[in-house]
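Asker: have a look at this fold, sequence not included:
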Ligand SMILES: Cn1cnc(CNC(=O)c2cc(-c3ccc(F)cc3)cc(O)c2O)c1
Ligand SMILES: [Mg+2]
């Protein structure tokens, strides 16, 4: 039952996870997607790399590109210091609707602003909309062909400070070759690859951590 895969994930979360307990919601999504049907969440293995980066950066302002069901949104939001904000952009209305409900079940919706629309249209509005200046951390996990143009747009909109960390999912599978070449060859980034596995599968994937040097 459940019309879509995101709906089926939401139903499983609502039926099995403890309301207000983010870790139980994260575990519920992982067990559903590992045992019932695969879904493109960052997953538990790469999720531990994401957690470590969030804890290291201790960001005040976080941007996520690509919300999907809100799995990585939860992983980030549950680790944020008080007063920090996570803005997540999703262009698919149905995914956003499901993510909002999953974030609500986890009790994390107060730290998160979920915007629906094209990242290329939303990014230029963020400073004014949220009265903010620079992001401390950007998690990139949307269309793989959008990674590079949106990174250049973040630079152009002056949303990156010296020290801002970009963390990109799927740089090996499905891959983001143009993005990788850019961050690894530009003098404006210090880049490092974190090898891992594609969510819920024994397939190589990894995340690229790139520090903007200003
Ligand atoms: C429809 N859509 C809305 N947002 C997006 C952006 N995300 C992805 O495309 C994405 C894809 C895969 C993946 C798919 C098939 C496969 F065989 C191997 C990997 C994994 C991920 O972690 C992803 O983030 C896609
Ligand atoms: Mg991904």
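Answerer: That came through, no problem. Note that the structure is a prediction, hence the values are computed from the model and not measured. Ligands and ions are numbered 1, 2, ... in the order given.
Asker: show me what from the protein comes close to ligand 2.
Answerer: 141, 169-170 (Cβ under 5 Å from the ion). All C-beta atoms are positioned from the backbone trio N, CA, C, and that covers glycine.
Asker: who wins for most neighbours among those residues?
Answerer: Tallying neighbours with other Cβ atoms under 10 Å puts residue 169 at the head of the residues of the chain next to ligand 2, with 30 neighbours.
Asker: that one contacts residue 207, doesn't it?
Answerer: Yes. Counting by Cβ atoms under 8 Å, residue 169 sits close enough to residue 207 to count as a contact (5.7 Å).
Asker: what's the overlap in contacts for these two?
Answerer: In terms of Cβ atoms under 8 Å, 6 or more residues apart in numbering, residue 169 and residue 207 are both contacted by the residues residue 46.
Asker: can you give me the strands for the chain?
Answerer: Assigned strands in the chain, in chain order: 61-65, 85-90, 112-116, 135-140, 160-168, 189-197, 204-212 (criterion: DSSP state E).
Asker: just put those in CSV and tack on distance to residue 150.
Answerer: Formatted as CSV, these follow (distance: least, Cβ to Cβ, whole Å):
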stretch, distance to residue 150
strand 61-65, 6
strand 85-90, 9
strand 112-116, 14
strand 135-140, 7
strand 160-168, 10
strand 189-197, 15
strand 204-212, 13
